[in-house]
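> Please work out how this folds:
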Amino acid sequence: MIIADTDVLVDFLRDRGPMADRIALELTTHSFVTTVITEFELRSGIRSRREEESVDALLDALDVFALDSSAARRAAEVRRTLESKGQAIGMADSLIAGICLDRDGVLLTRNVKHYSRVDGLILSGRY
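Model (predicted):
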């Protein structure tokens with residue numbers, strides 16, 4: 001299953017570049033999801049009623065994985081490991097990585113360089 005990161009969903013919402021086309025195609029499958037962390041980030045960026053409607057429609061089309069205790073443990077491990085190496089990726093991205101690892105998902109992101117620091121995380125950054 002493919003788990004969409006915030007950056008690629010923003011590209012879709014703004015109809016930017018080839019990633020927007022990839023997301024449109026992926027939305028037709030039932031194996032394309034996102035995380036509650038991405039939902040939070042998308043909703044935090046809403047600046048107008050039109051944007052809110054677009055975000056609502058997009059999230060209605062996706063399953064949204066929650067941060068449960070198991071994913072939180074994985075995320076904490078990611079964060080501790082990367083911080084100990086001086087390669088922290090931030091709390092939100094650690095949480096997204098933890099959910100992906102816990103759900104055995106492939107993270108679709110433009111931020112391959114950033115997420116490639118996470119051991120065991122499978123990435124799809126090609127579009």
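
> Just the element for the residue nearest to residue 87 when sequence neighbours are not counted, please.
Counting by Cβ to Cβ, 6 or more residues apart in numbering, residue 117 is the residue found nearest to residue 87 once chain neighbours are left out, at 5.0 Å. No exception for glycine: its C-beta is placed from N, CA and C like everyone else's. Using DSSP states H and E, residue 117 maps to neither a helix nor a strand.

> hang on, isn't residue 117 packed against residue 84?
No. Here residue 117 lies out of contact with residue 84, judged by Cβ atoms under 8 Å, at a distance of 11.9 Å.

> More neighbours: which of these two?
Neighbours per residue, other Cβ atoms under 10 Å: of residue 117 and residue 84, the larger number sits with residue 117, 16 against 9.

> for that one, phi and psi?
phi -70, psi -20 (degrees, to the nearest 10).

> Overlap of the contact sets of residue 117 and residue 84?
Counting by Cβ atoms under 8 Å, 6 or more residues apart in numbering, residue 117 and residue 84 have no contacts in common.

> pLDDT below threshold where in this protein?
Residues of the chain that meet the criterion pLDDT under 70 lie in 30, 125-127.

> which residues does the residue nearest to residue 32 when sequence neighbours are not counted contact?
Residue nearest to residue 32 in three dimensions, not counting chain neighbours: residue 26, with 4.2 Å by Cβ to Cβ, 6+ apart. Going by Cβ under 8 Å, 6+ apart, residue 26 touches 2, 4, 32, 108.

> mind listing which of those residues are in strands?
Residues of the contacts of residue 26 located in strands (DSSP state E): 2, 4, 32, 108.

> quick one on the thing from earlier: which of the contacts of residue 26 lies closest to residue 51?
Of all those, residue 4 has the smallest distance to residue 51: 17.5 Å, by Cβ to Cβ.
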